[in-house]
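K.L.:
Sequence and predicted model, in that order:
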Amino acid sequence: MKTNNFARWGTLTAVILLVAIAGGVLWAARNFLKEEAMKQAVHVLEKTAIRTTIYLNEVEIATRNTEWQVLKSLQPDSLLTYSRRIVELNPDLNGCSVTMEPGFFPTLGHNFSAYSVRNGKAIETVMEGDYDYYSQVWYKQARDAGRPVWVDPYEDSNEAGSLTSADMIASYSVPLYKPDGKFVGVLSTDISLPWLSQLISTDPPYEGAYFLMTGKSGKFLIHPDDEMVVYHSIFENTNADAGSGVVELGKAMVAGRQGLLELNLGGKDCLVFYQPIPLSGWSIAMVCPESSITGRFDLIAGVLSVIIVIVLALTVLMYRRPASHHAVG
């Protein structure tokens, strides 16, 4: 009797230990797979950031290669030719302008800007209309900085200008200086945000994942909701649950840091991986719902957990029933 009871409880204890070990193995496996999935997400983000950096670097090289040609021949016809040629030779560019300081060509009036823009397969080139180019961000930021700058995206529209781009654009602007150091104008090349979004938003590694890109002030350059682009910032419209976390993410991205944050976005627990795009001062992030990273394993683990609980319950019942029978007898 005592021997049987001892055997029963020994067996039951062994089953419980096996269940505990199985549970520990499942938990460790889940954490391991989550870590591996996170490494894959970081790898995808890094590849995307590198691809973007290479593209921006190509834009910079094309612009700087045109700069010396422009400075060598500061004549209206030549500037119109150069603004068109750089767009023709670089199919990923949306447009180019060469804008001179007020009164640089007195016979042409107060303003002069040679502008070329891609319109489908065609390229249009004009001498711009009479409007205040000099207060535009793509001109003012390069002039004030005294060095080449990437300008956060903006809408290329004006009331008096003669030619505009249909897309939101970002610009790489280079200040032009004569050999004596005198500032004479700005050479600016443009990329379209839809094209940049297409370059970046390749198939993410997990279902429901998506990319974000922010500018220097935190405004969205790329967002799954097109209405958020340019006109809205990562610091806006944060809900009570995720607000502080999103603000923390925005500050980290604007500061050019790299890292990972766990946030609840749209009612979903998400892992947000982020890193800077050094050339531009912009930052890119990939948002991955945690369920898409661990979901399949969680489902398997859940099924196995139910099976383990059932086995454990049946084992307990099996050993309790004989014990109760002997007690009655």
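P.N.:
Received it, and whenever you're ready, just let me know what you need.
K.L.:
Give me the domain ranges for the protein.
P.N.:
As recorded under automatic domain parsing, the domains making up the chain are 1-56+201-329, 73-192.
K.L.:
closest to Thr63 out of those domains?
P.N.:
Thr63 lies closest to domain 73-192 among the domains of the chain, at 4.7 Å (C-beta to C-beta). Where C-beta positions appear, they are placed from N, C-alpha and C, glycine not excepted.
K.L.:
What's the mean pLDDT across the closest one?
P.N.:
Taken as a whole, domain 73-192 has a mean pLDDT of 88.
K.L.:
Tell me the bridge partners for the residue nearest the centre of the chain.
P.N.:
Ranked by distance to the mean C-alpha position of the chain (C-alpha atoms, centre = their mean), the top residue is Ile284 at 2.9 Å. The bridge-partner assignment for Ile284, based on DSSP bridges, gives Met213, Gln275.
K.L.:
any idea how far Asp152 is from it?
P.N.:
According to C-beta to C-beta, to the nearest Å, Ile284 and Asp152 sit 14 Å apart.
K.L.:
Same check on His110?
P.N.:
Here His110 is placed at a distance of 28 Å from Asp152 (C-beta to C-beta).
K.L.:
These two: which is more packed in?
P.N.:
Per other C-beta atoms under 10 Å, whichever of His110 and Asp152 has more neighbours is Asp152, with 21 against 10.
K.L.:
Tell me which residues touch that one, please.
P.N.:
Val137, Ala170, Gly215, Lys216, Ser217, Lys219, Leu221, Trp282 (C-beta atoms under 8 Å, 6 or more residues apart in numbering).
K.L.:
Using CSV, write out every CA atom in the host helix or strand of it.
P.N.:
Asp152 belongs to strand 149-155 when elements are defined using DSSP states H and E. Extracted in CSV, the C-alpha atoms of strand 149-155 (Å, rounded to 0.1, in the frame of the first residue of the first chain):
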residue,chain,number,x,y,z
VAL,A,149,22.5,70.9,-47.1
TRP,A,150,19.7,68.5,-47.5
VAL,A,151,16.4,70.3,-47.2
ASP,A,152,13.4,68.6,-45.6
PRO,A,153,10.6,67.9,-48.1
TYR,A,154,8.2,70.6,-49.1
GLU,A,155,5.5,71.3,-51.6
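K.L.:
Can you give me the buried ones in that strand?
P.N.:
Val149, Trp150, Val151, Asp152, Pro153, Tyr154 (16 or more other C-beta atoms under 10 Å).
K.L.:
right, and the helix or strand after it?
P.N.:
The first helix or strand that comes after strand 149-155 along the chain, using DSSP H and E, is strand 168-177.
K.L.:
What's the separation between the residue nearest to Arg147 when sequence neighbours are not counted and Gly259?
P.N.:
Leaving aside its sequence neighbours, Arg147 sits nearest to Pro175 (C-beta to C-beta, 6 or more residues apart in numbering; 6.9 Å). The spacing between Pro175 and Gly259, counted by C-beta to C-beta, is 34 Å.
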